[in-house]
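S.K.: Just a sequence and a predicted model for now, questions to come.
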Amino acid sequence: MARLTTPERAAGVLAACRSRGWMLATAESCTGGLVSAALTAVPGASDVVERGVVTYTNSAKMELLGVPADVLTRHGAVSAPVAEAMAAGMLARAPVQAAVAVTGVAGPSGGTALKPVGLVYVGVASVETQPTHRRTVFAGDRDTVRGRTVDVALDLLLSLTA
C-alpha cells in the first residue's frame, strides 16, 4: 500500500473528525504551527479545526496549556510527560474532543546525548482516551525533522479518530 501524503493524511483526519462530530485543536512547539497549517490547507477545515497554539517556551506551555512546572523541571520540555500534558491541557481548555501536541529538538543545535537533534514527542488526547504519545528520532535537517513530525502527528490523530 502506498504511503499517504501529508495532504491526504490531513484530509483523512478532518473526515474522521467530521464523521464523529469532533472538533480538534493543536499545541505545537518545534513544529511552530505546521500541524495546524497542514490541517487548514484542506478546504473546509474550519468545521473541524477549532484552534491551534504555538507554545515554544516553557512559560507558554505552563500559561496557555497548564503544563505543571514540576513536570517541566523533572522531565524537560522535550519529554513524553510534557507532550501528554500539552495535549491534555489543550483538550481541557478548548471546546474540542481531540487534541495533538508536539515537542522536540528540530535542530540543527540544541541536542544533547540524552535528547539528540531529531528527537520528537507527539502527544494526543481525546474525550474517549487517556493522553498518550509517540517518541521518534528523525535523521535529517530541521525541515526534514519538522515535516516528518507533522506526518506522525496526523497519523496519531488518524488512529485516535478511527
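M.R.: The structure has been received and is ready for your questions. Numbering: from 1, shown residues only.
S.K.: which residue is nearest the middle of the protein?
M.R.: By C-alpha atoms, centre = their mean, the chain has its centre lying nearest to Ala101, at 2.8 Å.
S.K.: Pretty sure that residue sits against Ala87.
M.R.: Yes - counting by C-beta atoms under 8 Å, Ala101 touches Ala87, with 4.1 Å between them. Placement of C-beta: from N, CA and C, glycine included.
S.K.: Would you map the helices across the protein?
M.R.: 6-20, 34-40, 58-65, 69-75, 80-93, 142-161 (DSSP state H).
S.K.: Is it correct that Ala41 is in contact with Arg9?
M.R.: No - in this structure, Ala41 is not within contact of Arg9 by C-beta under 8 Å, at 11.3 Å.
S.K.: Among those two, which residue is more densely surrounded?
M.R.: When Ala41 and Arg9 are compared for neighbours, Arg9 comes out ahead with 22 against 12, by other C-beta atoms under 10 Å.
S.K.: ok, back up a step: now for the helices of the chain, which one comes closest to Leu114?
M.R.: Evaluated over the helices of the chain, closeness to Leu114 peaks at helix 69-75, with 11.1 Å, by C-beta to C-beta.
S.K.: which residues touch the closest one?
M.R.: Asn58, Lys61, Met62, Pro81, Val82, Ala85 (C-beta atoms under 8 Å, 6 or more residues apart in numbering).
S.K.: Now with 6 Å, please.
M.R.: Here helix 69-75 makes contact (C-beta atoms under 6 Å, 6 or more residues apart in numbering) with Asn58, Met62, Pro81, Ala85.
S.K.: phi, psi of Gly118?
M.R.: Main-chain dihedrals, Gly118, degrees, to the nearest 10: phi 100, psi -10.
S.K.: residues in contact with it?
M.R.: Neighbouring residues of Gly118 by C-beta under 6 Å, 6+ apart: Val137, Phe138, Val145.
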